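In: Below: sequence and its predicted model.
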Amino acid sequence: MRRMKDVKTGTIINVVEFVMLKHSCWEYYITDQRDDSDGSIEILAYGDEVELAIIYLSDIKSQILYRSKDLKQFMPVPGWKWIK
């Protein structure tokens, strides 16, 4: 897990996994916020825009190009920074 902070708002999220989608090349930084009752997860999405969103991992499984929990190899999302 790594912590990422929005430099404008100060919002801090705990990132547990990185996912890149096949066709759009959108990057999803999956947070530790999950709802086990319905399978939803919170992500910080980076593509045409940057936004926090709730998705269902089951909806994107077939679209995943790359997936990793080794977060040290990734740059933070623009407008965000990794913190300790």
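Out: All right, it came through fine. Source: prediction; values computed, not measured.
In: switch to C-alpha atoms for all contacts and neighbour counts from now on
Out: OK.
In: quick one, helices of the chain?
Out: 57-60 (DSSP state H).
In: what's near enough to touch the residue nearest the centre of it?
Out: Residue closest to the mean C-alpha point of the chain, counted by C-alpha atoms, centre = their mean, is Tyr29 at 1.3 Å. Tyr29 makes contacts with Val15, Val16, Glu17, Phe18, Val19, Ile43, Leu44, Ala45, as judged by C-alpha atoms under 8 Å, 6 or more residues apart in numbering.
In: Apply 10 Å and report the result again.
Out: Contacts for Tyr29 were tallied using C-alpha atoms under 10 Å, 6 or more residues apart in numbering; they are 4, 13-20, 42-46, 52, 68-69, 71, 76-77.
In: Ile54 too?
Out: The neighbours of Ile54, taking C-alpha under 10 Å, 6+ apart as the test, are Ile30, Gln33, Arg34, Asp35, Ser40, Ile41, Glu42, Ile43, Leu44, Ala45.
In: Kindly report the same for Lys5.
Out: When contacts are counted by C-alpha under 10 Å, 6+ apart, Lys5 touches Thr11, Ile12, Ile13, Asn14, Pro76, Val77, Gly79, Trp80, Lys81, Trp82, Ile83, Lys84.
In: Can you list the buried residues in stretch 17-28?
Out: Glu17, Phe18, Val19, Met20, Leu21, Trp26, Glu27, Tyr28 (16 or more other C-alpha atoms under 10 Å).
In: which residues are contacting it?
Out: Residues beyond stretch 17-28 that count as contacts (C-alpha under 10 Å, 6+ apart) turn out to be 1-2, 15, 29-32, 42-53, 60-71, 74, 77.
In: give me that answer again for 6 Å
Out: Contacts of stretch 17-28 with the rest of the structure, by C-alpha atoms under 6 Å, 6 or more residues apart in numbering, involve 29-30, 43-47, 63-69.
In: quick one, phi psi at the residue of the chain positioned farthest from its centre?
Out: Checked against the mean C-alpha position of the chain, the extreme residue using C-alpha atoms, centre = their mean is Ser37, at a distance of 20.3 Å. Note on Ser37: backbone dihedrals following degrees, to the nearest 10 are phi -70, psi -30.
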